[in-house]
Every structure is written in C-alpha cells, then in structure tokens.
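Participant: Provide a 3D model corresponding to the input given below.
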Amino acid sequence: MTLSASPRDDHGPDAGTDSRYVLARSGAVVGRVVASYRSSRAAWIAVDVGLLQRRVVMAPLEGSRVMGSDLVLPWDAAVIREAPAASDLYCFGVDEMSEYRLRRHYCL
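Facilitator: Below is the predicted model of the structure:
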C-alpha cells in the first residue's frame, strides 16, 4: 500500500467513516475502520482487525492523523490488535465501563 506524502489534517470523530485502512505508527496495516463516534471524553473508532473472521476492537482517535486515504494511529500494531474486543453493539457507542477498560489499555 502506498501512502500519500502529504498528510491531511482532517482527523476527528468523523475521520474514519469512509472505510479507511488503519495503520499502526510503523505503517503496518492493522485493519479497516467500520464506525466512528464521540463519547463525552474522547473520539473513538471501531476497527475490524480480523484476518479470516471479523474481530472488531476500539481505538481512540487521540493523536491520530490522516495520510492519504489511510488513518495512522500512534500505537504499535500489537497494541491495537490486542485491544478489548468491541461488543456486537459497537455502532451504538462506548459505554462508561468499556471506555474505562479502553483508556487503561491505551494508557490514556
């Protein structure tokens, strides 16, 4: 996958709504964005990281940037892939307990 040389500054709660690839800070492809939304404390994206079967995890948009049509997150691929799995209801938002677990996982 080739990345654009000029990153755009359009990250935020709606940055991931057009099926962008999600890249780790190393540039490794981690998955695809399947949803995005904002809680009272942070903006989050749901990322499908499954290779053979669907597995959706949540990642904060804090510190992310858009590069070409891809979304680059400021974490290693393993940290993103090992995030707590999102419930089947991820498209309805992040509840308080889930957000607490996610903030601990990402050290926010």
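Participant: now for the lengthiest strand in the chain, which elements pack on it?
Facilitator: Secondary structure of the chain per DSSP state E: the longest strand is strand 29-38. Using 3 or more Cβ pairs under 8 Å, 6 or more residues apart in numbering; DSSP states H and E as the contact test, the elements touching strand 29-38 are strand 21-23, strand 43-48, helix 77-81. Bear in mind the C-beta positions are built from the backbone N, C-alpha and C, glycine included.
Participant: at 6 Å instead, please
Facilitator: When contacts are defined as 3 or more Cβ pairs under 6 Å, 6 or more residues apart in numbering; DSSP states H and E, strand 29-38 packs onto strand 21-23, strand 43-48.
Participant: comparing these by mean pLDDT, which bottoms out?
Facilitator: Of all these, mean pLDDT reaches its minimum on strand 43-48 (a mean of 88).
Participant: now the next helix or strand after it and strand 43-48, what's the angle there?
Facilitator: Following strand 43-48 in sequence order, the next helix or strand is strand 56-60 (DSSP states H and E). Between the axes of strand 56-60 and strand 43-48, defined by axes from the mean of the first three to the mean of the last three Cα atoms, to 10 degrees, the angle is 150 degrees.
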